[in-house]
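Chemist: give me a 3D structure for the following:
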Amino acid sequence: MYPERVTLYEVGPRDGLQNESAQLSVDDKVRLIGKLAGAGLTRIEIGSFVRPDWIPQLADTDKVAGRLKPGPRYAALVPNRTGL
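Modeler: Numbers count the residues shown, from 1 in each chain. Here you go, the predicted structure:
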């Protein structure tokens, strides 16, 4: 009935930060994601490619992605073709 294996994705850098009133810097986001990776997480959703006027906390996802160290499998939410 249940699968033999499941894959868990950490979504805090996207889902958690998008609702915060304060906006973290790129440095802080990269540091947070690095700590999650250092804790052994292997799948991390780092942000979302959405309109910055809708979710300004994620407006710099491209900059964050460009500064991450190899290791985990990183993902980002792309809700439509414009974000792609």
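
Chemist: quick one: buried residues of stretch 68-84?
Modeler: Applying a neighbour-count criterion of 16 or more other CB atoms under 10 Å, the buried positions in stretch 68-84 are L68, P72, Y74, A75, A76, L77. For glycine as for every other residue, the C-beta is placed from the backbone atoms N, C-alpha and C.

Chemist: excluding chain neighbours, what is closest to the last one?
Modeler: With CB to CB, 6 or more residues apart in numbering as the measure, S48 is the residue that lies nearest to L77, at 3.9 Å, once sequence neighbours are left out.

Chemist: repeat for the third one
Modeler: With CB to CB, 6+ apart as the measure, I46 is the residue that lies nearest to Y74, at 5.2 Å, once sequence neighbours are left out.

Chemist: what sits up against whatever helix or strand that neighbour lives in?
Modeler: Element membership of I46 [criterion: DSSP states H and E] is strand 43-48. For strand 43-48, the surrounding residues in contact (CB atoms under 8 Å, 6 or more residues apart in numbering) are 7-11, 13-15, 17-18, 29, 33, 36-37, 55, 58, 60-61, 64-65, 68, 72-79, 83.

Chemist: then stretch 51-60?
Modeler: Surrounding stretch 51-60, the residues in contact under the criterion CB under 8 Å, 6+ apart are 14, 17-20, 23-24, 26, 29, 47-50, 82.

Chemist: got a winner among the residues you listed for most neighbours?
Modeler: In terms of neighbour count, G47 stands highest of those at 26 neighbours, by other CB atoms under 10 Å.

Chemist: got the contact list for the residue lying closest to that residue once chain neighbours are set aside?
Modeler: Nearest residue to G47 in three dimensions, chain neighbours excluded: T61, at 3.2 Å (CB to CB, 6+ apart). Under the criterion of CB under 8 Å, 6+ apart, the neighbours of T61 are I46, G47, S48, F49, A76.
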